[in-house]
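A.B. asks: what follows is a predicted protein model with its sequence.
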Amino acid sequence: MSLSSDYIKRLMDYLEREQILCTGEKLLLAVSGGADSTAMLYFYYKLRFVLNVTLLAVHVNHQLRGKSSDLDERSVKELCQKLNIPLIVRKIELSGDRDLENRARMARFEIFDHILERYRFDKVLLAHHKWDLAETVLLNLFRGAGLSGMAGIKPRQGNVLHPLLCFKPQELKDMLLEQNISWREDESNLERKFTRNRIRHDLIPALEKQYNPQLKDKLTEEATILAQADRYISERALRRYKKICLDSSNQRIVLSLPDLLKAPDIEHFYILREAFQQVSGQHQDFFLANLREIQSIYLAQGSKYVSLPHGIFAIKRYQELVISSNPEELQSEVAESLQIETERSRAVHMDYRFRFKYLRVLPRDHQEYKGLRAIIDADKINSGFMIRSRQPGDRFMPLGMRSFKKLKDFFIDEKVAKYDRDLIPIFDDGEKIFWICGHRIDERVRYTETTNRFLMIEAVSLLNKQKRAASRKKRGYYEFDEL
């Protein structure tokens, strides 16, 4: 029996409208044995000569359902043999129920990526249908996936295509029945332990009954509109991303933090998601919660980091935001030393601007140590000192003490975070450390009643100035939440 021209026309119109026609390409079809993937396999079997495509089916046997999993595999083998479509079968083992859906998805995509690379195929096709799109909109709403998540499943995302989003599941089954093609039913699709199943079998029917019988249609319509908005903002954000990206590799993306802060708030999610995807290789699993974690370290004093999914870190360091998969990045970079000659009155080093002033008389509000200002006996230090980062074995004599203390122990007692310690300027005259900027001067350089010449050092944090400027933009900080 020939396939209804209506099905073919709808599919071809959809492929052309969404710009996912694959004429002349090599396509990998993910076939589970269920109605949806079986229909996709049959569609492309009918279209392979029209589109001039090369087809390769792949079946992943998760071995989670014992004999049923093996019967799925056999069913796919028999159909591929009947349609003369080559098939690759991969078996995987997943232990435990924790996060099973996500782990299974990640395992499948590792297999797909490997086959795409090994056999030099162009795209992988997944058989999600119209109602899958509606369920994904709700699922992503609960996950906090932002505007992109509310757009649901996209027809095309990188080298992953979804060619059946124009069909309802019953339409696909009707087509298979018409062609006398059998499929396998996965009983795990009824298990309520999976979030998607609870949305499909419990939440959506309840919402349809109590609020809107056409709920799924409305969700797919909204997803289409949101996908257009998502695409528009994404294109703008990616143009900005290219401008503010200072360094790029498979393991590391470096963004200019000042330039990122100039971007509209709504673009931050897209910029950071792009960096995350570049490093992780994953096109999912970046949510609003991850964005907010990264934003929490934008203006933090010193070096900070947060952990992201898939072993990725976001590290704020000086004026840069580093997205990296290398744990060694968590060790702060040590700034070069800066030599300060006696006649110099100003300097900028690390994240501070310094002013040096020699005095004969103390100012009225004089204190030896007051936050980012220190006043010392200028004749108790060598001329020509340096500003540097901490070094192994550093020690000094904190103000008020008569014995030396290791700098490491001092930082511990002061509760200075580990990743901030390399960001604290250390003043060293070649013989001794005489000021830990923002913390304590050395007892040996304190002024006395006999002091004739004073050195006042004032530091201004450049980060604090940025923070004040950014605070004017705080209103609407998460504008995208409303989209």
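C.D. replies: Done, it's in.
A.B. asks: next, count neighbours for Leu21.
C.D. replies: 16 (other C-beta atoms under 10 Å). Using the backbone N, CA and C atoms, a C-beta is placed for each residue, glycine as well.
A.B. asks: helix/strand/coil for it?
C.D. replies: coil (DSSP: H, G, I helix; E, B strand; the rest coil).
A.B. asks: distance of it from Ala314?
C.D. replies: Using C-beta to C-beta, to the nearest Å, one gets 38 Å for the distance from Leu21 to Ala314.
A.B. asks: in stretch 373-382, which residues are buried?
C.D. replies: 373-378, 380-381 (16 or more other C-beta atoms under 10 Å).
A.B. asks: the helix or strand containing Ile387: how far from the chain's middle?
C.D. replies: Assigned by DSSP states H and E, Ile387 belongs to strand 385-388. Mean-position distance between strand 385-388 and its chain equals 38 Å (C-alpha atoms, centre = their mean, to the nearest Å).
A.B. asks: for the residue minimising distance to the centre of the chain, give me phi and psi.
C.D. replies: Nearest to the mean C-alpha position of the chain, counting by C-alpha atoms, centre = their mean, stands Phe276 at 3.6 Å. Torsion angles at Phe276 (phi, psi; degrees, to the nearest 10) stand at phi -60, psi -40.
A.B. asks: doesn't Ile312 make contact with it?
C.D. replies: Yes. Between Phe276 and Ile312 there is a contact under C-beta atoms under 8 Å: 6.1 Å.
A.B. asks: so what sits against both of these two?
C.D. replies: Common neighbours of Phe276 and Ile312, using C-beta atoms under 8 Å, 6 or more residues apart in numbering, are Ile323.
A.B. asks: for the helix ranked longest in the chain, packing partners?
C.D. replies: Using DSSP state H, we find that the single longest helix of the chain is helix 215-244. The contact analysis (3 or more C-beta pairs under 8 Å, 6 or more residues apart in numbering; DSSP states H and E) places helix 215-244 against helix 130-143, helix 146-150, helix 204-210, strand 252-256, helix 257-262, helix 265-280.
A.B. asks: so which elements touch the third one?
C.D. replies: Same thing as helix 204-210. Using 3+ C-beta pairs under 8 Å, 6+ apart: helix 204-210 touches helix 130-143, helix 215-244.
A.B. asks: now the ones you listed as CSV including mean neighbour count?
C.D. replies: Below are the helices and strands packed on helix 204-210 laid out as CSV (neighbours: other C-beta atoms under 10 Å):
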stretch, mean neighbour count
helix 130-143, 20
helix 215-244, 16
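A.B. asks: residues near Cys245, how many?
C.D. replies: Applying other C-beta under 10 Å, we find 18 residues neighbouring Cys245.
A.B. asks: that one and Gln278: what is the separation?
C.D. replies: 9 Å.
A.B. asks: pull up the overlap in contacts between those two.
C.D. replies: Overlap of the contact sets of Cys245 and Gln278 (by C-beta under 8 Å, 6+ apart) consists of Ile253.
A.B. asks: re the thing from before, which SS state does the closest residue to the residue nearest to the centre of the chain other than its chain neighbours fall under?
C.D. replies: Closest residue in space to Phe276, ignoring its immediate chain neighbours: Phe286 at 4.8 Å, by C-beta to C-beta, 6 or more residues apart in numbering. What three-state DSSP gives for Phe286 is coil.
A.B. asks: return the member of the helices and strands packed on helix 215-244 having the minimum mean pLDDT.
C.D. replies: When the helices and strands packed on helix 215-244 are ranked by mean pLDDT, helix 146-150 comes last with a mean of 81.
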